[in-house]
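Trainee: predicted coordinates and the sequence they were generated for:
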Amino acid sequence: MRVSYYGRLAEAAGLRSEEVAGASTVAQLRALLAGRVAGIEDSKRVRALVDDVVVDEEHWLEGVEEVGFLPPVSGG
């Protein structure tokens, strides 16, 4: 599946998106990526999106084409 990173997560990953395999749930995907994308493990602050809809950590990823990770944003 395609994993897209937004904001500071794209900077931490060094890319905006990539193909990733080997995870059945959002929690598993987050754990798989945590070793190389700083900050992605913070599920209370970094939201997971499947097809542009916020989902919980136990969301099943079978058949999903894209997962995005959106960190908190600030602005004014």
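Mentor: Noted; the coordinates are in hand.

Trainee: let me see the ranges of the helices in this protein.
Mentor: Using DSSP state H, the helices of the chain run over 8-13, 26-34.

Trainee: ok, and for the shortest one, which residues are buried?
Mentor: For helix 8-13, the buried set under the neighbour-count rule, 16 or more other CB atoms under 10 Å, comprises Leu9, Ala10, Ala12, Ala13. Every C-beta, even on glycine, is put in place using the N, C-alpha and C of the backbone.

Trainee: and stretch 48-64, by the same measure?
Mentor: Going by neighbour count (16+ other CB under 10 Å), the buried part of stretch 48-64 is Ala48, Leu49, Val50, Val55, His59, Leu61, Val64.

Trainee: what is the nearest of those to Ser24?
Mentor: Leu61 (6.0 Å; CB to CB).

Trainee: how much space between the closest one and Val55?
Mentor: Distance, Leu61 to Val55, by CB to CB, to the nearest Å: 9 Å.
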